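1. build the 3D model from these lines:
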Amino acid sequence: MTKDIDPRVLRMKQLAHYTALSRAFLYEKIKEGSFPEGYMISTGIRVWLKSEVDDWLDLQMARA
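-> Prediction:
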């Protein structure tokens, strides 16, 4: 029996799915400095903390 584990970090594919935003839009926001840039955990591997993404989403919804 496997359990669904709520991830602590998200890779780009997971990030796009989780936020329902395109990768291009996310990269644009990162470049603008209005979205967390994430963390390089290894060569070519960037992750985003789910808690930081949740905070960003909460802020965006509060502005709407």
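2. need the contact list for residue 22.
-> residue 16 (Cβ atoms under 8 Å, 6 or more residues apart in numbering). C-beta coordinates here come from the backbone N, C-alpha and C atoms, glycine included.
3. where's it relative to residue 40, distance?
-> In this view, residue 22 and residue 40 are 22 Å apart by Cβ to Cβ, to the nearest Å.
4. wait, what's in contact with residue 37?
-> Here residue 37 is in contact with residue 30 (criterion: Cβ under 8 Å, 6+ apart).
5. please report how far it lies from residue 17.
-> From residue 37 to residue 17 the distance is 19 Å (Cβ to Cβ).
6. return the residues in contact with the spatially most central residue of the chain.
-> The centre of the chain sits closest to residue 15, judged by Cα atoms, centre = their mean, with a distance of 4.2 Å. Contact partners of residue 15, counting by Cβ under 8 Å, 6+ apart, are 26, 48, 53.
7. the residues you listed in helices, which ones?
-> 26, 53 (DSSP state H).
8. among the contacts of residue 15, which one sits closest to residue 4?
-> Nearest to residue 4 out of these is residue 53 (Cβ to Cβ; 18.2 Å).
9. do a quick rundown of the strands in the chain.
-> Taking DSSP state E, the strands of the chain run over residues 9-10, 39-42, 45-49.
10. need those strands in CSV with distance to residue 31, can you?
-> Output for those, formatted as CSV (distance: least, Cβ to Cβ, whole Å):
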stretch, distance to residue 31
strand 9-10, 18
strand 39-42, 16
strand 45-49, 14
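11. most tightly surrounded among these?
-> Highest mean neighbour count of those: strand 9-10, a mean of 18 (counted as mean count of other Cβ atoms under 10 Å).
12. sheet-wise, list the partners of that strand with their directions.
-> strand 45-49 (antiparallel) (DSSP bridges).
13. so for the partner strand, what's the average pLDDT?
-> If you average the pLDDT over strand 45-49, you get 97.
14. over to stretch 10-30?
-> 97.
15. and it, how far out from the chain's middle?
-> 6 Å (Cα atoms, centre = their mean, to the nearest Å).
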